[in-house]
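[1] got a predicted structure plus its sequence, pasted below:
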Protein chains: 2
Amino acid sequence: MPSDAIRAALIERLRVSSAIADEDISEIEALPISVRQFSAETAVVRDGERATDCCLIVEGFCARSKTIASGKRQILSLHIPGEIPDLMSLFLPVMDHDLSTLTPATLGFISHDTLRKLHRRRPVVAEMFWRDTLIDAAMFREWIVNVGLRPAPARLAHVMIELRERLRVIGRVEGASFEMPLTQEQIGEALGITAVHANRVIRQLREEGIVELHRGRVNVLDEPKFLQLADFDRRSLHQSPTL
Amino acid sequence: MPSDAIRAALIERLRVSSAIADEDISEIEALPISVRQFSAETAVVRDGERATDCCLIVEGFCARSKTIASGKRQILSLHIPGEIPDLMSLFLPVMDHDLSTLTPATLGFISHDTLRKLHRRRPVVAEMFWRDTLIDAAMFREWIVNVGLRPAPARLAHVMIELRERLRVIGRVEGASFEMPLTQEQIGEALGITAVHANRVIRQLREEGIVELHRGRVNVLDEPKFLQLADFDRRSLHQSPTL
DNA sequence: GCCCGGTTCCAACAAAAGTTAAGGACGCGG
DNA sequence: CCGCGTCCTTAACTTTTGTTGGAACCGGGC
C-alpha cells in the first residue's frame, strides 16, 4: 500500500473537522508510520497496558470497550479508517479500556515521541489533534444519552446513523446500504442490552420496514422513519471546522 | 474572596493528576479570572451557544446534561470546586450540551484568548489542560459503562463513590458522609432511570443498611457492602500523574 | 459432501423499570 | 401560622428487558 493511501483517510477526516494549512498536511504526510496487519476480533491495546504509540486505522473496523467485574462488556465507540481511536493515550498512556479489531484490519502505529515532537514544532497541529480528542469526548456524551434514555429500537437506529454519517465522509456508503460488521452479541454490548433483546429489536425494525441488517450490512428501507426513530442530531459529529 | 483562594482548588486538583512545575503554577495564579455568582438550578452555558470563556467552579456544584427531542434529560457529569467543566469549549466552542448549577455557585470565567496565549507561551501547561480534557473523556467512558450495564442500585452506588473520591481530594468528605445535592429527579436523570425508580432504589439501599441519602447528603452505613455494590475502579479517576 | 462452531432466531417465563396517581413532609413567603 | 409549591414517598399496574433453552442456518475445514 502506497504511503499516501495510508494517510489519505486521516487527512480527509481532519479537513472535515478542522481548518488545516498545507504545510501542516505535509508534516502529517511525513510522519513515520509502521503498518501491521491484524485479524478480526483481536486486541490492539488492552485495559491497564501502557501505550507507547497511537494507532491509525488504515483499513477495517475497530471498537473500544470496557469489561466490568461481572464479565459483562460495554462497547464505547466504533471506529473506521482514518481515525486514531487511542489518541488519548498520548497524555493518558495507561489504558482504561480495550481497543480491538472487529474485522481484519490494517493499522498504522505512530510513536508518542514523534507526535509530541511534532506538537512542539507546530502548535497548530497539536490543537488540531486536541480538537480531535474533544470530538471523541463529544461522541461519548452522545453515547451516554443513547444508552441512558432512548428505548432500545431508537438506540440501534441512532448508532447506525452515527456510523453511516461517518462512513459517508470517507466514501463508504453505497446508496441505502453500508457496512456494520458487528454480531448481534456485539450490538447488544454497544447498546447496553442482551443479545437476545438485540435480536428482538432488529427483527422489529425489519418487520416495520424501517431497516434490515444482514451479515454485517445495513440496508435502510424507509429513510424518513429511520431518521425520526434515531432522533439524530448532525451537530454531534462535529463535522464542520466552524463549530 | 482572596484571589488565591479562587485558584487553590484548581491547582490542588491539577497537582493530583499531573506533575506540574512551580513556574507553571505562577502562570496559572496570574490568570485573569472574572468571578460571578449564580443561584441554584441556573444555566451557565446552553447547548448550541458559542462559548468565549471557560468556567472554573470556585464554590458549589454543577452538572452537564443533554436534552433530547422527547424532552427527557440525561445528566452526563457532576462537577465540584476546582474543576473547569467546559474546558472543551476552548477548541469546540459551540456547546453540544448544557452546563448548569445544581446549588448556588461562585464561578470564575477565563477567556479563551487568555488560555490560548498561555498555551503558546507554555506548551507544558497546554499539555496539562489537554490531559485534563482527556480525564474528562475517561469519566464519560466510565459513565457509559455505568448507565449501560450496571443494574440501578449499582449505578447509584457507583456515582456516589465517584463523587466522594473527587470530593476527598479537595477535603470535602467528613467521615462517612459527604454532599450530593441532587433531587431524586436529577438522580434519575444521571442514572438513566425515572424519578420513581430512583426513589425505589434509594429506599432499597437504605433498607439494606448500605447507604442513606437525606437532603443532599450521603451517609454511608456499610462501607464494604457499598464498595462491592459500586464495582468501583479507582484508576478511572486518573488521580495520579504517573498513569 | 458433511460435520462443527458460531451465529441467528424464537418462544415462554421472570425480573427490572416505566407509568400513573395520590398522599405526606417540608420549607418559604404572606 | 397558614397556604402553597416542591420534593419525597408509596402502591398498583403496564411495558420493557433479561433469562433460559432450544432449533435453524451458514460457512469453513476435512
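    Done, it's in. Just so it is clear, the structure is predicted and the values come from calculations on it, not from any experiment.
[2] pLDDT at the residue nearest the centre of chain A, what is it?
    With the centre of chain A defined as its mean C-alpha position, the nearest residue by C-alpha atoms, centre = their mean is residue A:79, 2.3 Å away. Residue A:79 is assigned 98 on the pLDDT scale.
[3] correct me if wrong: it contacts residue A:100.
    No. Contact criterion C-beta atoms under 8 Å: residue A:79 and residue A:100 do not qualify, at 10.2 Å. Quick note: C-beta positions are derived from backbone N, CA and C, even for glycine.
[4] flag every buried residue along stretch A:17-34.
    A:17-18, A:20, A:24, A:28, A:31, A:33 (16 or more other C-beta atoms under 10 Å in any protein chain shown).
[5] likewise stretch A:189-199?
    Buried-residue list, stretch A:189-199, by 16+ other C-beta under 10 Å: A:189-193, A:198.
[6] for it, how far is the first residue from the last?
    Chord length of stretch A:189-199, first to last residue, is 12 Å (C-alpha to C-alpha, to the nearest Å).
[7] tell me how far it lies from the chain's centre.
    Distance of stretch A:189-199 from its chain centroid, counting by C-alpha atoms, centre = their mean, to the nearest Å, is 19 Å.
[8] which residues are contacting it?
    A:63, A:65, A:72-75, A:78, A:146-147, A:152, A:155-156, A:159, A:182-185, A:187-188, A:201, B:147-149 (C-beta atoms under 8 Å, 6 or more residues apart in numbering or on different chains).
[9] show me where chain A has its helices.
    All helices of chain A, identified by DSSP state H, fall at A:3-17, A:22-29, A:112-121, A:123-149, A:152-169, A:184-191, A:195-207, A:223-230.
[10] rank the ones you listed by pLDDT, which is bottom?
    helix A:3-17 (a mean of 82).
[11] I figured residue A:170 hits residue A:9, correct?
    Yes. The pair residue A:170 / residue A:9 is scored as a contact, 5.2 Å apart, by C-beta under 8 Å.
[12] list residues touching both of the two?
    With C-beta under 8 Å, 6+ apart as the test, residue A:170 and residue A:9 both reach A:81-82.
[13] closest one to residue B:131 among the helices of chain A?
    Residue B:131 lies closest, by C-beta to C-beta, to one member of the helices of chain A: helix A:123-149, at 10.1 Å.
[14] how much does the closest one deviate in direction from helix B:184-191?
    Note on geometry: by axes from the mean of the first three to the mean of the last three C-alpha atoms, to 10 degrees, helix A:123-149 and helix B:184-191 are set 120 degrees apart in direction.
[15] helix A:123-149 near DNA strand D at all?
    No. Helix A:123-149 lies out of reach of DNA strand D by C-beta under 7 Å from any atom of the strand, never closer than 10.1 Å.
[16] is that helix up against chain B anywhere?
    Yes. Using C-beta under 8 Å from any C-beta of the partner chain, helix A:123-149 comes into contact with chain B via A:123, A:126-127, A:130-131, A:133-138, A:140-145, A:147-149.
[17] can you give me how far that helix is from the chain middle?
    Distance of helix A:123-149 from its chain centroid, counting by C-alpha atoms, centre = their mean, is 11 Å.
[18] which of residue A:170 and residue A:9 has more residues huddled nearby?
    Between residue A:170 and residue A:9, counting by other C-beta atoms under 10 Å in any protein chain shown, residue A:9 is the more crowded of the two (21 against 17).
[19] now stretch A:222-236: buried residues?
    So for stretch A:222-236, counting by 16+ other C-beta under 10 Å, buried means A:225-226, A:229-232, A:235-236.
[20] if residue A:106 is in a bridge, with which residues?
    residue A:37, residue A:59 (DSSP bridges).
[21] quick check: residue A:118 vs DNA strand C, distance?
    39 Å (C-beta to the nearest atom of the strand, to the nearest Å).
[22] just checking, that residue touches residue A:112?
    No. Using C-beta under 8 Å as the test, residue A:118 is too far from residue A:112 to be in contact (10.7 Å).
[23] neighbour count winner among the two?
    Higher neighbour count among residue A:118 and residue A:112: residue A:118, with 18 against 15, using other C-beta under 10 Å.
[24] picking up where we left off before, buried subset of the residues of helix A:123-149 next to chain B as a ChimeraX selection?
    Here is the ChimeraX command that selects only those of those that count as buried (16+ other C-beta under 10 Å):
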select /A:126,127,130,131,133,134,135,136,137,138,140,141,142,143,144,145,147,148,149
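[25] restrict the residues of helix A:123-149 next to chain B to those near DNA strand C?
    The overlap between the residues of helix A:123-149 next to chain B and the neighbours of DNA strand C (C-beta under 7 Å from any atom of the strand) is empty.
[26] circling back to that earlier point, distance check, the residue nearest to the centre of chain A against DNA strand D.
    Distance of residue A:79 to DNA strand D, computed by C-beta to the nearest atom of the strand: 24 Å.
[27] can you pull the contacts of that residue?
    By C-beta under 8 Å, 6+ apart, the contact set of residue A:79 is A:57, A:61-64, A:85.
[28] how is chain A divided into domains?
    Using automatic domain parsing, the domain parsing of chain A gives A:3-144, A:150-237.
[29] starting at the chain centroid, how far to the longest one?
    Distance of domain A:3-144 from the chain centroid (C-alpha atoms, centre = their mean) equals 9 Å.
[30] pretty sure residue A:29 contacts residue A:4?
    Yes. Using C-beta under 8 Å, residue A:29 is in contact with residue A:4, at 6.7 Å.
[31] who in chain A is up against DNA strand C?
    A:183-185, A:195-196, A:199, A:202-203, A:214-216.
[32] swap in 10 Å and give it another go.
    Residues of chain A lying close to DNA strand C by C-beta under 10 Å from any atom of the strand are A:40-41, A:148-149, A:151, A:181-188, A:194-200, A:202-204, A:206-207, A:212-216.
[33] which of the residues you listed count as buried?
    Neighbour-count burial (16+ other C-beta under 10 Å) applied to the residues of chain A next to DNA strand C gives A:148-149, A:181-182, A:184, A:186-188, A:198, A:202, A:212-213.
[34] could you check how far residue A:114 is from residue A:4?
    In this view, residue A:114 and residue A:4 are 18 Å apart by C-beta to C-beta, to the nearest Å.
[35] specify which member of the contacts of residue A:79 is nearest to residue B:221.
    Nearest member of the contacts of residue A:79 to residue B:221, counting by C-beta to C-beta, is residue A:64, at 36.4 Å.
[36] understood, closing this out.
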